[in-house]
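Undergrad: Give me coordinates for this.
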Amino acid sequence: MSAGLFAEGPLPYRVTKTSDAYNRTTRTFITLNEGDIVYSNNRAYYGNISHGSETDDFLIVLAAPHDEFNIPVKNLYSANTENVFGEDIFIEYPPITYERMTGMATISDDEMWVPNYYCDVLMSTNRETLLKFNPELIELNAIRGGEEIYWYEENISNIMNGRSMFYNVAIKIGCRTYFLVKNIKKTEYGYEVSCVEAVNDFRMYARIFPETVFWDRYKPGDAMTLYIYLDGDYMDIYVDGNEILLGTLVKVKREFIKQYQSLIKTNSCDLTNIQWPRRVDGSMGPPKETPNITLTPKVIEESDTAVDAENPLTIQNSAKTSAMPLWAWLAIIGGTVVIAGGVVFAVKLRK
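TA: Numbers count the residues shown, from 1 in each chain. Next comes the predicted model:
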């Protein structure tokens with residue numbers, strides 16, 4: 001059985017292992033099998049996958065006819081990617097848990113990517129230093145129930161705000177900015193990542209690297225290329241060349257995380273056993289020179305070949321714009337694939 005099927009917009013991802021996806025509206029699960037091709041609706045977030053869950057995870061929102069489903073990003077990879085992230089950038093983060101009574105986060109990470117200025121904050125041994133880099137945090141000061149609440153008592157002020165993640169389908173920079181990955185290309189200096197900024201970003205508050213011009217030149221939904229330059233424990237992220245520096249992240253270890261948390265919570269810390277991040281040359285701070293980034297020309301490919309509708313990979317490779325109505329859909333008899341307006345979705349109700 002063959003058909004010409006076309007899609008526009010949503011990014012295709014391949015399921016790496018049998019996974020449950022959750023619909024928050026109907027509170028039901030569906031099962032996706034290894035090898036299935038699914039599409040995003042260009043949104044990602046960090047939070048509970050389902051109602052009642054006590055842990056958070058990095059999730060992507062899948063598109064389906066008249067519905068949406070959440071699935072952990074770790075169970076997917078971009079269907080069209082050239083390469084994947086290696087151990088030089090990837091960290092398998094444990095989920096964050098929360099205390100039932102206080103709602104305070106418990107973080108058990110052994111290492112983490114965070115903004116480079118967190119080193120300045122910790123070295124100063126004064127939590128007020130953070131306000132020099134993220135001045136909007138002071139707006140968290142308030143009176144609730146007759147009691148004064150201060151900025152450093154809120155979860156968004158601790159190390160969670162800068163905790164950044166790099167998965168093969170999505171990137172999280174801090175707790176407010178997300179990118180959906182189209183293609184990862186390994187380079188001599190790190191990675192070249194073609195992506196789209198998620199449309200549900202909450203840029204207006206507590207963003208890290210607030211001084212970068214990136215926030216003025218790009219908006220959620222824009223396509224771009226991130227050039228990730230790795231230098232020891234440092235990661236410099238440039239956008240569409242080497243003129244716009246989105247920001248610099250550093251990889252920190254458990255003792256750094258522990259003492260940083262202590263500083264924000266109690267305004268006290270012990271720097272004795274801190275392993276400070278270093279560049280390859282042993283230095284800390286900005287690189288001595290701007291990396292020479294070679295821009296990759298963008299090529300638009302077109303194809304009108306008919307495809308095998310029973311092969312999801314072939315379907316997603318043939319996707320392009322056509323006059324087919326957006327939500328016209330075809331169910332393949334005897335199969336598990338549902339095609340809706342170019343959205344390929346494998347559905348099996350969990351009993």
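Undergrad: so N116 touches D236, yeah?
TA: No. Judged on CB atoms under 8 Å, N116 makes no contact with D236 at a distance of 9.1 Å. Where C-beta positions appear, they are placed from N, C-alpha and C, glycine not excepted.
Undergrad: Find residues that contact each of those two.
TA: T248 (CB atoms under 8 Å, 6 or more residues apart in numbering).
Undergrad: so what are the domain limits for the chain?
TA: 2-80+306-346, 97-266 (automatic domain parsing).
Undergrad: For T294, find the nearest of these.
TA: T294 sits nearest to domain 97-266 of all the domains of the chain, at 8.3 Å, using CB to CB.
Undergrad: least reliable of the domains of the chain going by mean pLDDT?
TA: Per-stretch mean pLDDT for these is lowest at domain 2-80+306-346 (a mean of 64).
Undergrad: now the biggest helix by length in the chain, how far from the centre of its chain.
TA: Longest helix in the chain, counting residues (DSSP state H): helix 254-266. Averaging C-alpha positions (CA atoms, centre = their mean, to the nearest Å) puts helix 254-266 24 Å from its chain's average.
Undergrad: for the stretch 201-350 of the chain, what spans make up the helices?
TA: 214-217, 254-266, 312-317 (DSSP state H, counting those that start in this stretch).
Undergrad: List the contacts of N83.
TA: 184-186, 191.
Undergrad: Give the full set of residues in contact with the residue lying closest to it once chain neighbours are set aside.
TA: Spatial nearest neighbour of N83, chain neighbours left out: K186 (4.4 Å); criterion: CB to CB, 6 or more residues apart in numbering. By CB under 8 Å, 6+ apart, the contact set of K186 is 82-83, 86.
Undergrad: Return the distance of K186 relative to Y77.
TA: Separation of K186 from Y77 (CB to CB, to the nearest Å): 14 Å.
Undergrad: repeat for V114
TA: For V114, the distance to Y77 - CB to CB - is 25 Å.
Undergrad: could I get whatever helix or strand N70 lives in in PDB with only the CA atoms?
TA: Element membership of N70, judged by DSSP states H and E, is strand 67-72. C-alpha atoms of strand 67-72 as PDB (Å, rounded to 0.1, in the frame of the first residue of the first chain):
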ATOM      1  CA  ASP A  67      -4.900  15.600  21.100                       C
ATOM      2  CA  GLU A  68      -1.400  15.900  22.700                       C
ATOM      3  CA  PHE A  69       0.700  13.500  24.600                       C
ATOM      4  CA  ASN A  70       3.800  13.900  26.800                       C
ATOM      5  CA  ILE A  71       6.800  11.600  26.700                       C
ATOM      6  CA  PRO A  72      10.300  11.900  28.200                       C
END
